[in-house]
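S.K.: Generate coordinates for the sequence data below:
(chains A, B, C, D, E, F, G and H)
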Protein chains: 8
Amino acid sequence: MDRMEEVLRGLSEGRLSVEEVKGLLAAADETEELGFARLDHGRRRRKGFPEVIFCQGKTEAQVAEIFARFTAHDACAFGTRASEAQYQAVLEKSPEAQYSRTARIIWTGKAGAEKKGRVAVMTGGTADLPVAEEAALTAEFFGAEVYRFFDVGIAGIHRLFSVIDEVRRCDVVVAAAGMEGALPSVAAGLLDSPVIAVPTSVGYGASFGGLASLLTMLNSCAEGITVVNIDNGFGAGYSAAQICRAIHRDK
Amino acid sequence: MDRMEEVLRGLSEGRLSVEEVKGLLAAADETEELGFARLDHGRRRRKGFPEVIFCQGKTEAQVAEIFARFTAHDACAFGTRASEAQYQAVLEKSPEAQYSRTARIIWTGKAGAEKKGRVAVMTGGTADLPVAEEAALTAEFFGAEVYRFFDVGIAGIHRLFSVIDEVRRCDVVVAAAGMEGALPSVAAGLLDSPVIAVPTSVGYGASFGGLASLLTMLNSCAEGITVVNIDNGFGAGYSAAQICRAIHRDK
Amino acid sequence: MDRMEEVLRGLSEGRLSVEEVKGLLAAADETEELGFARLDHGRRRRKGFPEVIFCQGKTEAQVAEIFARFTAHDACAFGTRASEAQYQAVLEKSPEAQYSRTARIIWTGKAGAEKKGRVAVMTGGTADLPVAEEAALTAEFFGAEVYRFFDVGIAGIHRLFSVIDEVRRCDVVVAAAGMEGALPSVAAGLLDSPVIAVPTSVGYGASFGGLASLLTMLNSCAEGITVVNIDNGFGAGYSAAQICRAIHRDK
Amino acid sequence: MDRMEEVLRGLSEGRLSVEEVKGLLAAADETEELGFARLDHGRRRRKGFPEVIFCQGKTEAQVAEIFARFTAHDACAFGTRASEAQYQAVLEKSPEAQYSRTARIIWTGKAGAEKKGRVAVMTGGTADLPVAEEAALTAEFFGAEVYRFFDVGIAGIHRLFSVIDEVRRCDVVVAAAGMEGALPSVAAGLLDSPVIAVPTSVGYGASFGGLASLLTMLNSCAEGITVVNIDNGFGAGYSAAQICRAIHRDK
Amino acid sequence: MDRMEEVLRGLSEGRLSVEEVKGLLAAADETEELGFARLDHGRRRRKGFPEVIFCQGKTEAQVAEIFARFTAHDACAFGTRASEAQYQAVLEKSPEAQYSRTARIIWTGKAGAEKKGRVAVMTGGTADLPVAEEAALTAEFFGAEVYRFFDVGIAGIHRLFSVIDEVRRCDVVVAAAGMEGALPSVAAGLLDSPVIAVPTSVGYGASFGGLASLLTMLNSCAEGITVVNIDNGFGAGYSAAQICRAIHRDK
Amino acid sequence: MDRMEEVLRGLSEGRLSVEEVKGLLAAADETEELGFARLDHGRRRRKGFPEVIFCQGKTEAQVAEIFARFTAHDACAFGTRASEAQYQAVLEKSPEAQYSRTARIIWTGKAGAEKKGRVAVMTGGTADLPVAEEAALTAEFFGAEVYRFFDVGIAGIHRLFSVIDEVRRCDVVVAAAGMEGALPSVAAGLLDSPVIAVPTSVGYGASFGGLASLLTMLNSCAEGITVVNIDNGFGAGYSAAQICRAIHRDK
Amino acid sequence: MDRMEEVLRGLSEGRLSVEEVKGLLAAADETEELGFARLDHGRRRRKGFPEVIFCQGKTEAQVAEIFARFTAHDACAFGTRASEAQYQAVLEKSPEAQYSRTARIIWTGKAGAEKKGRVAVMTGGTADLPVAEEAALTAEFFGAEVYRFFDVGIAGIHRLFSVIDEVRRCDVVVAAAGMEGALPSVAAGLLDSPVIAVPTSVGYGASFGGLASLLTMLNSCAEGITVVNIDNGFGAGYSAAQICRAIHRDK
Amino acid sequence: MDRMEEVLRGLSEGRLSVEEVKGLLAAADETEELGFARLDHGRRRRKGFPEVIFCQGKTEAQVAEIFARFTAHDACAFGTRASEAQYQAVLEKSPEAQYSRTARIIWTGKAGAEKKGRVAVMTGGTADLPVAEEAALTAEFFGAEVYRFFDVGIAGIHRLFSVIDEVRRCDVVVAAAGMEGALPSVAAGLLDSPVIAVPTSVGYGASFGGLASLLTMLNSCAEGITVVNIDNGFGAGYSAAQICRAIHRDK
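M.R.: Purely as a prediction, here's the structure:
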C-alpha cells in the first residue's frame, strides 16, 4: 500500500497527472500476455517465490517460450511434469536449462540464493522415488537443503527407526508413500516437526490410483500431518521450502 | 400446430384424401434413415439450430456420409470429437469442410447468418485450451461473436482482474477450468451475466479426470453459474449461443 | 471506474486530500462486518441482484440479524434453506417477512420491480415439488413471471406433450427431476429455449441421493441444457431470472 | 429326478452294483476337464441353452480348444468378447466358425432350431451399435427373430415415435444407450412388453465409463424395465431370447 | 392408429368439424390434472397395467386424493413406499383400501382379473423380507400367482437345493438378496426361467447401502439375469407379472 | 459320502426300499423351515461350527423363536448385531441367554468345549472397543482363548511395542482400527502369525464410514494380513477361532 | 539416548544389576494403562505437545477418567469432538475444565506457556464457524495467538481483499471453507505464508459431505497449500501452532 | 529378548564395553542400505519368511541388484509383478533365477525347505488363472503343497461340487474370482477350513476393475472368509502358507 500512497502523493503534489496515475496503477499488474498464456511476473513479489510452469498439456513450443520469458525476467524458471521432448525444445532457447528424468522437472537458475533450512524427504518404498525426487528438487530450487531417506516404509519398521534421529534434525519432513500410505502417520508420531504427507499412485487393485493412501493420510490420528494431492511432490517440496524460509527468516 | 390445422382443413374441404393426410402427417417426421443413423432434419425447425454430429465412435465412412447428407439438406453441418482421419474422409465428399485440430471439430457452412451477441470464453490455464476452443468454435458456428481470455486462473488473481472489464461487456461467459476449477466461482462473483462453467479433465491425482472441478462448479456459492459435463466445450458454446440468440432476437 | 477517475481528479484538483482519497477508495468496499458474517451490500451494484442468505447452519439470531440489516439497507432480503424457527426469529425484527414452508424460503420485499420475462418451471413428479417451488419463488423474487408445470415426467410422455406448447412460450425453462432425471433431455429436444436442469434427491437405492439424476443431466445428448447442484432450486431460479433480465433489458 | 429313481431302481432290482450306481451318479456330472477350463456340457439340460464362452482373458489356444470341444459335443458354440486373433485360431480347428467384427462374437451352428419370438433391438445413437449387435446376434443364436432400430435416441424423440409401432409388435425390447441413457425409460412408457436396458460406455467426462447411463436405467420411473451390466449386449440378448422361448413354448 | 383413421374419416365424410377433430385428438390425452399431479389414465391402454403411485415424498392429502381418483376411474389403485399415516388418509376416502405394513403398499381392487402365470419370490435371508413382500404383492396385484421361498441364501446352499424343484415350476423368478447378493447367480445357474435380481440394502460396512449386492448382480456370470434398483421389489414384481402375462396371453 | 454308500448298500441288500432311500437322501437336508427363516442345523457337520444368527432386520419374535430352536437342537446359539429389545424377547424363551451390550451379542451355551488356541485382539483406539469385543466374544464362543490389547495405535507406537511380546505368543491376531487403520500393517511387520484386519467406522470426514481404513488394510505392504468387512468383528473372531482349531486339532 | 548410555554405564560400573537395567529400559515406556485406554505421557517429550483426547465414541466415564489422569500428570489436557454430557462428567473430577459449545472442545490448563506466533483463521461463510473455532482454540491451547477472519469467501471477493493485509501479518493461515471450497486457493495466490486448508462439510447435494471442497483444495493450482481431513479444525490448528513454534523457537 | 539379556550380561561381567554394547544393539538393525532401497535381512527372523520384492515401478538394474543381494544373504529371493525384461536383468547376476510368465514371478531358491501343509487354489474362471498362479507359486515358495482347481465358478455349480471333496482335504483354501466373485461365499458355506478370497479384475462394465468382486467377498454372509486386495494372489498365497506353517509346526 506504500506504493499506492506514494503514487497518490505524486498526483496530489502535481508530479503526476491523472492519466499517469491510472497507468501506474495498471502497471502494478505485472502480467505478460502471450496469447496462450499470461505470465505472472508479480508472483515473486506477492509470494516470495516466482511462478512455476505446469508443463503437462502444453505444446513444446509453448513451454520453450514461457521458459525463455521467465528466465529473461527473473534469471530462473521451474517447470514440472515436463517431458523429454519439452526439455529439448526449452534447451534450444535456454541452453542453461537442466532436466531430471526421474522427477520430470526442467529448471534454469535458482529461486533461493543460499540454502536455508533442512527438509527430510522420506519414501515408503523404492517405487515412490519419482515423486520424492520431485519434492526434493523443488525444495532445493526454492532454497532448502534436502536430506533423502528412501525405502523406510512400515512393513519393516526397523528401517524407519534406523534413520529417525537424522530425520529429527530437519525442520520439515516430506513423507511420500503409496499402497496403504501409513509412513507419515508413524513418522509424525515420533517427530515434533511438521510432516507433509504425499500419497503416491504406487499400488494396484483397491489402491485406486492413490486414493487409498490419500485417505489414509487424511485420516491420520497422529498430529502434525498435512496432505497434498496424489503424486504432488512439487506441492510438498514447495510448502516445505516455504516453511523453512519462514523459520530461518532473520528476526 | 397451424400446419396440422391446415392439413385437416384440406381434408375437410376435400382437397386431400384420408391417405394423403396420413402421409402428410407422417412427412412431418423429417427423419432421414441411413440404417446406422437416423438424421433429424427437423431439428432446426424445433430447436432453431440444426442437428450436431457426435463423431466419436462412428466409422469414418459413417461420418462422411452423415456430413454429406446434412450439408446437402441444410448447407451446413457441424461435428464434434472428430479425428483427423474422419476429417480426411469427410473432405472427399464435402471439399468445403474445415477442421480445427485443437478443438477436434469438423464443419461446413454456418448455422447462424450474422453475428448476434458476444460470448466471452475464459480458461484457468493454458492446458484448458482445447476445451475452450471447442466452446468458442461452437458459439461462432451458431452465430455468436467470441472473445477469448485464456490463462486467467485464480492462482494469480490479478490476471483475472486485468481482463474483467472486457469480459463484463459480453452477454454470456463460458469459463473452462481444470484442477480445482474455481475460476467460474470467482468470475460469477464479479459479473452480472450468466456464467456457463466447463470443468476440464486437466489435472492429476485426486482430480479424478475432472471430477474435482465438476464438483467445485456444482457447489459454487456464487450465484448465476450453471454447469455442463466435463470437457463439454460444445455444450457450453451451444448454450451460450442459444442465450445470445434469445437476447438479440428482434422484439 | 468512472468513480475512480472522479476521485483521482478530486485529489489532483486539490478538492480531496490523500487521506480522503484513501478513505473513499476503502469506502468502495461496501462490506458490513457483523463478526460472524460480512454483508456484501455491493453485490447489487456488481451483479444486479442483492446478496442472498444461505440460512442452513446459521443460528436463528444470526439469520434474524442479517435479515434486518439487508432489509434496512436494500428494502428487500431473501434467505434459502430456512427453518420454521428461523422464520419466527426473523419475524420479530422484520414483521413484513414472508415464508414458504414448501420452498423453505424467507423473504422481504422484492428484488425486481416489474415482471420481466417468463420462466417455465417443470417437474418430473409430485415429489420434486419443494425443489421446483424454491426455483419458482426465487425467479419471482428476482423479477420473472413463473409458469408451473408439475408432474410431467417421461414415464407418461403424453403429459409432457400436453403442456409443451405453453412451455414453448417461455424464455427459459427450469426442469427439476429425481430418479432417472430424463425430463430435461426430452424437453430440450423439443424446445429452442435454454433449459436449466435441476437434479433432485427424490428416489432411493442407486439414486445415491440425486447422483443418478445429476449424471443423467450432465450427460444429456440433447443440446441446450446446463445443470445446477442437486436440489439447488435456488440456483436454477436465479440463473433463469438472470437470463430473462438480459433478454428483456432495454436495448 | 426320474433319472435318479431309474438308477436306484436298477440297484434295487440287482441290475446295477453299488459301484456302478456311484459311477452313474458321478456321470451325471457332465463336466469336461481341460486343466485350464471345465466345460459344462450339462448346461443345455439345466438351462435349455448351451454354455457360452467368455473369450476375453483366455489365450488363443484355449479359445480354439474350447470351441472344438463344444462344437464336437453340441454341434454349436458361442463365444463373446472375442478378438480377431482368437477367431483365426478357432478357424483352424473349426473351419465352419463365423465371426462378427462389430459384435466381437465367434460362433458355430445355432442353439435354437427355428425362429421363435421377436426381439426389438434399439439404440440411442450410432456409437451404441457394437453393443446392440452383440445383443442381436446373441438373441438370434439362441433362437429369436431380431428387428433392429438404431439411432432413435430421445434428443430427437420423433425418431422414436416413427418406429414405435413396429417395436410394439415385438415380444421383448432390448434398448441400448450411452450418455444419459434415457431411451429405455421413454420406450417403456410407451410399450407393454418387457424392456431390457443395456447401458453402454459411450460418452465422456461424467459418464464415467457408462456409470451414468447405468444409474439412469436403474432409477427409471417407467415400469417394466430391467437392467444388465454396462456394454453387456450378450446378457440382454440372452435374456430376451429366454423370454421369447417361454412365450412361444407349446402349451 | 385405427382410432386416428376413424376420426380423420369422420372429418373427411363431414360427420366431424375441424374443431371437433382437434378436440378429439386432444382427448386422446387421457391426463387428469390435479395441480400437484397429472394422472395418466391412459396408461392401462398403453401398457396394459394402470399407473402406480409412488407415495414417498407426497403429502397424505395428495396420496388420498390420487387414490380416490384412480379408484373412481379404474376400480383399482396401487401405491408403493406408503406410510401408515398415508394409509389412514386414504382409508377416509377409499374405505376398501388395504395396506401391508411389511411391504408398505396400499391398494384397492386388482389390476389383473384372474391369476395368470407363476412367480417365485426368493430371498437370501429373513431381513430381505420387506423387499420380497413388495415384489410378491405387486406381482399378485398385477395378476400373477406368487410362491414364496424365503431365507434360502448361499451360505447354506442346501436350503436352496431343497426348494429348487418347486422354483423350477414357476415362469419367472424374483431373487432378492442383500450383503454379497450371490443368490440370483447361483439360482440362474440352475434354472431355465428368467431371473429378476433385486439387490437389497441389507448389510453393513462395505455393503454401502446395497451397492455391493447391486454390483454382484450386474456382474453375474450366470446367464438369464436382469437387475432392478436396490430395494426395488415393486419393479421386480411388475416385470415378473408382465412376463407372465406375455407367456399366458392367448395365442 | 460313506453315508451315501451305506444307504445305497441298504437298498442293494433289500433292507431299504427305493422310496425309503429317496427319503433318506432328502433327510440329509437338515433344514428346519420356520416360514420367515430356514434353520441350517447341518452347518456344524459341514463347517464344524453351528449357524450364527444375524439379528439386525429381524423382528424380536423372529429372533426369539430362532434362538429357542437352535438352543433346543444344539444346546447353544449365537446372535450378532442384537438389540437390547431382541435380548429381552430371547430371554423369555431362553432364560439362560446372555448379552453383551458393548458387542451387541446374545448367546446361549458354548460352541467349542475347551479352550483351544490363543487369539490376540488389538485395537488402535478406545472407540474401536465395540468391534473388538464382538471379535473377542465370537472367538471365545467358538472355543479360543482371547487376550485383549486395547488402544495401542500407531500415533504412539511405543504403546504397541510395550505389548508386542505378549501378542507374539498368540496363534492369531485380530487387529481392529478406524481412522487411517494402519495398526495391522505395523503389527504384521513385527509378527509371524496371521493378522486378521478389521476396519472400523470410527472416524469422520474422509473416513467415509470406514472406507479409508478398509482401503489402508487391503493395500497393506506388510505380508500376512487378510481383511474382513468394516466393523465385522464377528467375521474376524470366527476366522481366528477357525484357524486356532486347525492349529490345535489333534494330528 | 544419553539416558541409555547413563543406564548402561551404571550396569558396567556395577551400580545397577542386569534386572534393574531391564526394568529401567522398560520404564522408558511412559505409557499408563487404563484397560480401555493407554495414555501416552511421553508424547510431550517426543512431539513437544501432550497427547490429545478424541472424545467421540468414548463413554462419559472414560473421558472423565482420562482427563483426570492427564491433568494430574501434565497440568493440562485437551479433548476434541466432546459432547456437553462428556463435559459435565469431566467437570466432576476436574472442576477447572472449560468447554466451548461451538468448537466442542474440553480443556484444562494450557500446553504452551506464552503466545508464540500468529495464526490467521479464515472462513468462507458463517456456517464454517464451528470448524474454524476448533482450529482457533486448538492453536491457542498449543501456544499461538489467533486472529479470526470469518465470512470472507470468494462469492464476494472484496470481503477477502478488505482483510488480506491483516492476514498477511500472520505466520500461518488456516482457511476453512465448505461448498466449493475455493477460499484457500485464492488466499494462497495472494500470500507468502503457508496456508492450511480445511474442507468443511457445509453444503448440500453434490458436496457429498465435504468431498467437493476436499477435492478442490487438494487440486489447488496455487502453491503453498496443504490440506487436512474434512471438518478437521483440530488438525489444522495443531499444525499451525507447530509451525509457529518452529518459527519462533530461539535460534 | 534373550539376545538383549546376553548382551547386557556381557557388559555387566566386563566382557563387553559400553561402546561395544551400543554397537551390538545397533547391529540388531539388519538393514542393508542400497541408496534406492533398504533391504530388511531381519525379516526372516521376525516373520519366519524373508522379505519379498515388489518389482513393479523399479528399474531393471534395481531389481537385479536386490535379487543378487538377497540371494547372497539368504540363498533365496522372491519378486512379484515382474516383467520379462526385469527377469533378463536378474538372470545376468543370478543365473539360477526362474520366472513364471503367467504369474509374473521371479525367484531363486526356496524359502521353506520341506512341503508342509496343503493349500487348495480355486478360480471361478479361466481368466482368473494369472492371479491364481501368483497365489500358487507363492504358497509353494513359502513351503506349502498346492492343489489347483480352476474354472469351478458358480454359474455351473456342479463343477464346484465335483471337486469339493478334494478341496476339503486341504488345510487352507484360496479362492480367486472376478465378475461377481461369489465363489468364495459358496465354497465357505461347504468347507470348515479358512477361505482366503482374492477378487480379480476380470470383468467389464460395472465390475469397475475388480471392485464388484471385492465388495461381494467383503460382504459375504458365509463364515470363515477373509479377503485380500484385488489381484493380490501373492498376499493370499503368503497368508495361506503362513497358516499352513502354524498348523504343521511341531508342537
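
S.K.: among the helices and strands of chain A, which has the poorest mean pLDDT?
M.R.: helix A:18-27 (a mean of 61; mean pLDDT, DSSP states H and E).

S.K.: Which SSE is immediately downstream of that one?
M.R.: Under the assignment DSSP states H and E, the closest C-terminal helix or strand after helix A:18-27 is strand A:31-33.

S.K.: Could you list the buried residues of that following strand?
M.R.: residue A:31 (16 or more other CB atoms under 10 Å in any protein chain shown). Placement of C-beta: from N, CA and C, glycine included.

S.K.: who touches that strand?
M.R.: A:38, A:39, A:40, A:41, A:42, A:69, A:73, B:156, B:158, B:159, B:162 (CB atoms under 8 Å, 6 or more residues apart in numbering or on different chains).

S.K.: And the last one, its phi and psi?
M.R.: Torsion angles at residue B:162 (phi, psi; degrees, to the nearest 10) stand at phi -70, psi -10.

S.K.: Now do it against residue H:143, distance only.
M.R.: 70 Å (CB to CB, to the nearest Å).

S.K.: For these two, indicate the residue with more neighbours.
M.R.: residue H:143 (21 against 18; other CB atoms under 10 Å in any protein chain shown).

S.K.: I'd say the more buried one and residue H:78 touch.
M.R.: No. When contacts are counted by CB atoms under 8 Å, residue H:143 is not listed as touching residue H:78 (11.9 Å).

S.K.: Now list whatever residues contact both of these two.
M.R.: Shared contacts of residue H:143 and residue H:78, counting by CB under 8 Å, 6+ apart, come down to residue H:111.

S.K.: Name the spans of the stretch 1-150 of chain A whose pLDDT lies under the cut-off.
M.R.: Applying pLDDT under 70 to the stretch 1-150 of chain A flags the ranges A:1-5, A:7, A:19, A:21-30, A:112-113.

S.K.: again, 80 this time
M.R.: For the stretch 1-150 of chain A, the stretches with pLDDT under 80 are A:1-14, A:16-31, A:35, A:40-48, A:74, A:111-115.

S.K.: now swap in the stretch 151-251 of chain A and tell me
M.R.: A:156, A:250-251.

S.K.: Please enumerate the strands of it.
M.R.: A:172-177, A:195-199, A:225-227 (DSSP state E, counting those that start in this stretch).

S.K.: Nearest approach to residue B:6 belongs to which of those strands?
M.R.: strand A:195-199 (67.7 Å; CB to CB).

S.K.: Parallel or antiparallel, which strands does that closest one pair with?
M.R.: strand A:172-177 (parallel), strand A:225-227 (parallel) (DSSP bridges).

S.K.: For residue H:51, find the nearest of those strands.
M.R.: strand A:172-177 (17.2 Å).

S.K.: How about residues contacting the closest one?
M.R.: Here strand A:172-177 has contacts from A:117-125, A:128, A:131-132, A:135-136, A:139, A:144, A:153, A:167, A:183-184, A:187, A:191, A:193-200, A:202, A:213, A:233, A:236-237, A:240, A:243-244, using CB under 8 Å, 6+ apart.

S.K.: Strands of the stretch 1-150 of chain A, residue ranges please.
M.R.: Under DSSP E, counting those that start in this stretch, the stretch 1-150 of chain A gives strands at A:31-33, A:38-40, A:53-54, A:77-80, A:98-100, A:105-108, A:118-123, A:145-149.

S.K.: looking at those strands, which is buried most?
M.R.: Among these, strand A:118-123 has the highest mean neighbour count (mean count of other CB atoms under 10 Å in any protein chain shown), at a mean of 28.

S.K.: tell me which strands and helices that one is in contact with?
M.R.: helix A:129-141, strand A:145-149, helix A:164-168, strand A:172-177, helix A:183-190, helix A:233-248 (3 or more CB pairs under 8 Å, 6 or more residues apart in numbering or on different chains; DSSP states H and E).

S.K.: what distance separates it from the middle of the whole chain?
M.R.: Distance of strand A:118-123 from the chain centroid (CA atoms, centre = their mean, to the nearest Å) equals 14 Å.

S.K.: Run the angle between it and strand A:195-199 for me.
M.R.: 30 degrees (axes from the mean of the first three to the mean of the last three CA atoms, to 10 degrees).

S.K.: Get me the contact residues on the stretch 151-251 of chain A for chain B.
M.R.: A:199, A:201, A:209, A:210, A:211, A:214, A:229, A:230, A:231, A:232 (CB under 8 Å from any CB of the partner chain).

S.K.: Kindly apply the preceding question to the stretch 1-150 of chain A instead.
M.R.: A:26, A:29-31, A:35-38, A:40, A:42-43, A:51, A:54, A:56-58, A:62, A:81.

S.K.: Buried among these? Need that as a selection in ChimeraX.
M.R.: The buried residues among the residues of the stretch 1-150 of chain A next to chain B can be selected in ChimeraX (16+ other CB under 10 Å) with this line:
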select /A:30,31,36,37,38,40,42,43,51,54,56,57,58,62,81
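
S.K.: tally of neighbours for the residue lying closest to residue A:10 once chain neighbours are set aside?
M.R.: Closest residue to residue A:10 apart from its sequence neighbours, by CB to CB, 6 or more residues apart in numbering or on different chains: residue A:16 at 3.9 Å. By other CB under 10 Å, the residues close to residue A:16 number 20.

S.K.: pretty sure residue A:16 contacts residue C:11?
M.R.: No. Between residue A:16 and residue C:11 there is no contact under CB under 8 Å: 10.3 Å.

S.K.: Now for the residue in the stretch 51-200 of chain A that chain C sits nearest to: which residues touch it?
M.R.: Nearest residue of the stretch 51-200 of chain A to chain C, counting by CB to the nearest CB: residue A:57, 22.5 Å away. Shown in contact with residue A:57 (CB under 8 Å, 6+ apart): B:125, B:126, B:127, B:202.

S.K.: ok, the residues you listed vs residue G:249, which is closest?
M.R.: residue B:125 (38.7 Å).

S.K.: neighbours around residue A:164, how many?
M.R.: 17.

S.K.: Find the residue closest to it in space, skipping its chain neighbours.
M.R.: Per CB to CB, 6+ apart, closest to residue A:164 is residue A:190, 5.6 Å.

S.K.: and if you look at residue A:39?
M.R.: The shortest distance from residue A:39 to any non-neighbouring residue, by CB to CB, 6+ apart, is to residue A:32 (4.1 Å).
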